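Student: sequence and predicted model, in that order:
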Amino acid sequence: MPTSPREGIDGAGEERFGRALEECDGEQRFDPHSWSRPGGGGGEARLIEGGRVFERAGVNVSAVYGDKAPASIAAEYGLDPSAGFFATGLSTVVHPRNPHVPSFHANFRYFELGEHTWWFGGGTDLTPSYGYAEDAGHFHRTLKDFCDEHDPAFFPEAKTACDRYFYLPHRRETRGVGGIFFDGLRPEGPDGWERGLALVRRGIDTLAAAYLPIVRRRMDQPYGERERQWQLYRRGRYVEFNLVYDRGTKFGLQTGGNIEAILMSLPPLAGWAFDVQPEPGSPEAELRDGFLTPRDWADH
């Protein structure tokens, strides 16, 4: 078994991204909340609430362990439920104030189960309320450049996996314009663990370049009550996915993690309305019809 990154995957990368978010907001600073988990481990949740640019931005780092693996994880990998586990990761979710700025999510993690099973996972995706091909293209091209450093075949696989994962079957639509997603990554060879760790660290270092140019491009764009109400309605989809399908939410709840840190990913405000049908030809209809099905955005 390799030596675990038991102080977190990359505290320095998390610090850099947090400072970049603070600088972009220009008004609020992250408020840190440390927590400990009964049974082993803990973490720190850092939160911006009510900022000039970010209505909510959360960055959570954790390292938890225990004598009994979560039931869903043990079953997925065919392990004895009594096998011990260790998990560490960085997760961040951003819900901007301006409806023209997309929401953003990223998570990079490392797991050990039992004595011989370990892997890396991660990903990041973009969830706009209003669709801009320029923004989706920038996001995907930046991620492709990062993935190509690892393996030119990695981006197409991770992009497809993201489209499949961030999908709401009951709505028959993707959560947003996707990004990358990978799980169970265990590079072969004697240096496989080191290469896996290097990959997730580079991924964390890519977040600011992938997201913040989009924020700066849109954060002062004018909007009114119509756009705000549409944003709240689209945020409802985000809530539906995180509470019904998201593996990270389920894992946190099953392992007895800090409930505030787990649900930090939810937007501060969201809305639901019955049978909303955007006006044909409207920007809202354009999002629904042109941005919520998988596309090769890196080519735009």
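Tutor: That came in fine, so what should we check first?

Student: helices along the stretch 51-200 of the chain, start to end?
Tutor: 71-76, 133-150, 154-165, 192-218 (DSSP state H, counting those that start in this stretch).

Student: list the buried residues of stretch 142-149.
Tutor: Residues of stretch 142-149 classed as buried by neighbour count (16 or more other C-beta atoms under 10 Å): 142-144, 146-147. Quick note: C-beta positions are derived from backbone N, CA and C, even for glycine.

Student: ditto for stretch 126-140
Tutor: So stretch 126-140, judged by 16+ other C-beta under 10 Å, has buried residues 126-132, 135-140.

Student: and for stretch 163-181?
Tutor: Neighbour count says stretch 163-181 has 163, 165-168, 174-181 buried, by 16+ other C-beta under 10 Å.

Student: what does stretch 277-295 give?
Tutor: Buried-residue list, stretch 277-295, by 16+ other C-beta under 10 Å: 283-284, 287-288, 291-292, 295.

Student: got the residues you listed as CSV, with pLDDT and distance to residue 19 columns?
Tutor: Shown next, in CSV, are those (pLDDT from 0 to 100; distance: C-beta to C-beta, whole Å):
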residue, pLDDT, distance to residue 19
283, 97, 33
284, 98, 35
287, 97, 31
288, 95, 36
291, 97, 30
292, 96, 33
295, 96, 33
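
Student: and the two most separated of these?
Tutor: Based on C-beta to C-beta, the longest span within the buried residues of stretch 277-295 runs between 284 and 295 and measures 18.3 Å.

Student: the nearest residue to residue 34 once chain neighbours are set aside: which element?
Tutor: Using C-beta to C-beta, 6 or more residues apart in numbering and skipping residues adjacent in sequence, the residue nearest residue 34 is residue 44, 4.9 Å away. For residue 44, the element it lies in under DSSP states H and E is strand 41-49.

Student: pull up the pairing partners for that strand, direction included.
Tutor: As defined by DSSP bridges, the strand partners of strand 41-49 come to strand 31-36 (antiparallel), strand 54-66 (antiparallel).

Student: tell me the most buried of those?
Tutor: strand 54-66 (a mean of 22; mean count of other C-beta atoms under 10 Å).

Student: could you give the mean pLDDT of it?
Tutor: Mean per-residue pLDDT for strand 54-66: 93.

Student: neighbouring contacts of stretch 177-194?
Tutor: For stretch 177-194, contacts defined as C-beta atoms under 8 Å, 6 or more residues apart in numbering pick out 2, 102, 118-128, 131, 136, 139-140, 143, 147, 154-155, 157-159, 161-163, 165-166, 195-196, 199, 291, 294-295, 297.

Student: verify the stated contact: residue 291 with residue 131.
Tutor: Yes - using C-beta atoms under 8 Å, residue 291 is in contact with residue 131, at 3.7 Å.

Student: what helix or strand is residue 237 located in?
Tutor: helix 225-244.

Student: quick one: that helix to helix 154-165, angle?
Tutor: Compare the direction of helix 225-244 with that of helix 154-165 by axes from the mean of the first three to the mean of the last three C-alpha atoms, to 10 degrees and you get 90 degrees.

Student: find the nearest non-adjacent residue to residue 146, please.
Tutor: Residue 146 sits nearest to residue 206 (C-beta to C-beta, 6+ apart), 4.4 Å away.
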